[in-house]
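> got a structure for you, letters missing:
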């Protein structure tokens, strides 16, 4: 046996997506990072060992413009390109490559940490080191650092260090949570094993082993949906252990879950009720995917009210959008639905104070051990949200090292610096506008070759228009900047009738559902074929925001749809939409009453007046870097072959910078699922800029002798781009510059160039 000691700035224990994103974030800030994982692969529950799909704020398409950006966003987009079939083994390498390419990360796989050296009284604990054992290599390693991040999911490091934590369900009165039990109870969300099947093309028999459970003696055949063609995460409801101790009873839980999988397969293969002759069982997981255990106590505990009311925090550093997703403690043996889901009307924030321990002064946490009640945890626990927390925690830990501060002091004195740093790296922050003092673009004059000033879809004579009978209320989400006056619609009527059009504001800047009615108009329609009509739609908010133009249902009226969606526009339909019959969804909230999925990617044929500033060149500077009270991006006029569109920054006085950061549109309304339960046909997202050139105008060299032609210096000429966030270093010998120009010559499919942000960092 060998022993060794490893020193770092930050030690992160747990190689799930929270730990991976924490490590990458801290490493990109220049910190020396150790990432320790007790399994041979990274990714936690998303890895090939467990194979749970990575869900997040998009909530299977229920939330809008909600996909995470930052590091987890990079992983999503990379997986879409590399792994369009959703192979979990390929996903392992997408995650591993993201860690391996960071030179500041030392990765320790197959290393189980079970010892923690911590000192201090109960209310002021301090971790000095942790010890890990690498079984296959017989190495015992002591990891020392000034800061530690517990991303173990079960919260083992904090537990051993003496961090305060919660187990089970809080009582209703503690946080005023209507959905909590009257009294506290030690019950959890259970664990899950999954299985994969394969069609061999010829009959295959199955002889059930002695350990297989007879599921006909359980409620499962009557209470759950079983189909022979399903496998993998379709069977998320194979869940158990909520009435036990998720950690200490882990082996018992695994055995029970495995016996039920074998019993389900026996039922599918041998009951005679399924077309399954050619199917074989290809894989069964042996590592239970845990949902819940210890939740540490931070300086703030996220609760039900924060999720449902979408509380805005001055230290919001990540966001979620998954439903408050509560499962029966009996799991698969419960006779009711496998889950009850309640959605907020848009995405919700997670504060930094929920990501550090209240009583261990140098410990942060991210993932399943976040400071939240059991109820709020039901919405914050999914992996992409955990990953966003991880990026925030890793960035915060890096700043703690840089500033030599404890996390609590970072919150008190530097929380805005933390949020601006996250935004600079395009992380998943909400409602944070770029006020970075090091972004020189904020002081520049912004111009462009063109911009999309008309908010419309399908108005050209050559556009393909598909009839859509107005059998349900339909909403057109549009940016209002600065006002609406009217909407033109392309409609037909089978008889003389009336059409009612209403304008709604959305309540919160991140929401895109009808909340408050601002205007209503009813117009008469004479019987006849499709033609354009104009309907008053007055709305003049004091600040730019989104509005929903609602066309009230009328079975005698036909509107038309077109593809693709223009930038900044969505279509919602008022109707029920639930494609998982194992789930009970509460329809109390407005969000689930107005799904986008029925018309995903399509727009009603329309045009609004007057022209809009929502896509003006200035929208690419100083914005939120994601849809929030509008699209927050520059969109050009349609690109012409052989001619590009440009975005330009000019300064009155020369400036000196070291890099230019570009953020392109990658359609954050599209759910990208790692296992591709929801498929998108595009391996590279069409909205992304494909070919571009970045140029600068050196100070004092703006014109050649005797010429009025600016002498631009090329910094980068990129072809076949497929990434959202690009960073271009400026040459060290460049000196001061007076202008920067981005020339876009092609996209990956979109008609116009779309730039979310251009930053010039000093």
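That came through, no problem. In this text the structure is predicted, and so the values were computed from the model without any measurement.

> lowest-confidence helix or strand of this structure?
Every helix and strand of the chain was ranked by mean pLDDT, DSSP states H and E. The lowest is strand 583-585, at a mean of 93.

> list the buried ones in that strand?
583, 585 (16 or more other Cβ atoms under 10 Å). From N, CA and C alone the C-beta is placed, and that goes for glycine too.

> direction included, what does that strand pair against?
For strand 583-585, the paired strands and their directions (DSSP bridges) read strand 339-342 (parallel).

> ok now the partner strand, how far from the chain's centre?
The chain centroid and the centroid of strand 339-342 are separated by 20 Å, computed with Cα atoms, centre = their mean, to the nearest Å.

> which residues touch the helix or strand just after it?
Later in the chain than strand 339-342, the nearest helix or strand by DSSP states H and E is strand 348-351. Contacting residues not belonging to strand 348-351 are listed as 300, 302, 306-308, 310-313, 315-321, 370, 379-380, 385, 388-389, 392, 430-431 [Cβ atoms under 8 Å, 6 or more residues apart in numbering].

> out of those, which are inside helices?
When the contacts of strand 348-351 are checked against helices (DSSP state H), the matches are 306, 307, 308, 379, 380, 385, 388, 389, 392.

> now the strands for the stretch 551-700 of the chain?
Applying DSSP state E, counting those that start in this stretch to the stretch 551-700 of the chain gives strands spanning 557-562, 570-573, 583-585, 603-604, 606-609, 634-638, 645-655, 659-664, 689-698.

> would you mark the buried spots in the longest one?
For strand 645-655, the neighbour count (16+ other Cβ under 10 Å) marks 645, 646, 647, 648, 649, 651, 655 as buried.

> partner strands of it and their direction?
Within its sheet, strand 645-655 is paired with strand 445-448 (antiparallel), strand 737-747 (antiparallel), according to DSSP bridges.

> so of those, which one's packed in deepest?
Highest mean neighbour count among those (mean count of other Cβ atoms under 10 Å): strand 737-747, with a mean of 22.

> elements contacting the helix or strand just after that one?
Next helix or strand after strand 737-747 toward the C-terminus (DSSP H and E): strand 752-761. Counting contacts by 3 or more Cβ pairs under 8 Å, 6 or more residues apart in numbering; DSSP states H and E, strand 752-761 packs against strand 634-638, strand 645-655, strand 659-664, strand 689-698, strand 737-747.

> angle of whatever helix or strand comes next after the fourth one against strand 737-747?
Read in the C-terminal direction, the helix or strand following strand 689-698 is strand 713-718, with elements assigned using DSSP H and E. Here strand 713-718 runs at 20 degrees with respect to strand 737-747, directions being taken by axes from the mean of the first three to the mean of the last three Cα atoms, to 10 degrees.

> what lies in contact with strand 713-718?
Residues from elsewhere that reach strand 713-718 (Cβ under 8 Å, 6+ apart): 660, 691-698, 726, 728, 730-731, 734.

> okay, those residues in a markdown table with distance to residue 755 and pLDDT next?
Shown next, in a markdown table, are these (distance: Cβ to Cβ, whole Å; pLDDT from 0 to 100):
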| residue | distance to residue 755 | pLDDT |
| --- | --- | --- |
| 660 | 12 | 98 |
| 691 | 14 | 98 |
| 692 | 9 | 98 |
| 693 | 13 | 98 |
| 694 | 11 | 98 |
| 695 | 15 | 98 |
| 696 | 17 | 97 |
| 697 | 19 | 97 |
| 698 | 23 | 95 |
| 726 | 11 | 98 |
| 728 | 14 | 98 |
| 730 | 18 | 97 |
| 731 | 23 | 96 |
| 734 | 22 | 94 |
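
> top of these by neighbour count?
Of all the contacts of strand 713-718, the highest neighbour tally under other Cβ atoms under 10 Å goes to residue 692, namely 25 neighbours.

> on that earlier part again, make a markdown table from the helices and strands packed on strand 752-761 and add distance to residue 581 to it.
Output for the helices and strands packed on strand 752-761, formatted as a markdown table (distance: least, Cβ to Cβ, whole Å):
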| stretch | distance to residue 581 |
| --- | --- |
| strand 634-638 | 40 |
| strand 645-655 | 47 |
| strand 659-664 | 38 |
| strand 689-698 | 41 |
| strand 737-747 | 39 |
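
> closest one to residue 38 among those strands?
Proximity to residue 38 (Cβ to Cβ) singles out strand 659-664 among the helices and strands packed on strand 752-761, at 35.6 Å.

> name the helices or strands packed onto that closest one?
strand 689-698, strand 725-729, strand 752-761.

> the stretch 151-300 of the chain: strands as residue ranges?
For the stretch 151-300 of the chain, applying DSSP E, counting those that start in this stretch gives strands covering 165-166, 191-192, 195-199, 239-240, 279-284, 295-296.

> so for residue 68, which of those strands sits nearest?
In terms of Cβ to Cβ, the element of the strands of the stretch 151-300 of the chain nearest to residue 68 is strand 295-296, at 21.3 Å.

> partner strands of that closest one, parallel or antiparallel?
For strand 295-296, the paired strands and their directions (DSSP bridges) are strand 165-166 (antiparallel).

> OK, contacts around residue 127?
Counting by Cβ under 8 Å, 6+ apart, residue 127 makes contact with 116, 117, 118, 148, 157, 161, 360, 362, 363.

> keep only those of these that are in helices.
Per DSSP H, helices hold the following members of the contacts of residue 127: 157, 161.

> quick one: the strands paired with strand 645-655 as CSV, columns for distance to residue 345 too.
Formatted as CSV, those follow (distance: least, Cβ to Cβ, whole Å):
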stretch, distance to residue 345
strand 445-448, 33
strand 737-747, 32
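
> out of those, which comes closest to residue 290?
strand 737-747 (41.9 Å).

> ok, back up a step: between the contacts of residue 127, which has the most around it?
Neighbour max across these (other Cβ under 10 Å) = residue 148, 31 neighbours.

> surely that residue touches residue 11?
Yes - with contacts counted by Cβ atoms under 8 Å, residue 148 reaches residue 11, the gap being 5.0 Å.

> what touches both of those two?
Common neighbours of residue 148 and residue 11, using Cβ under 8 Å, 6+ apart, are residue 130.

> picking that back up, now the least confident helix or strand of the chain, how far from the chain's geometric center?
Per Cα atoms, centre = their mean, the centroid offset for strand 583-585 relative to its chain is 22 Å.

> now stretch 574-583
21 Å.

> now residue 744: closest residue in space that isn't a chain neighbour?
Using Cβ to Cβ, 6 or more residues apart in numbering and skipping the chain neighbours, the partner closest in space to residue 744 is residue 753 (3.8 Å).
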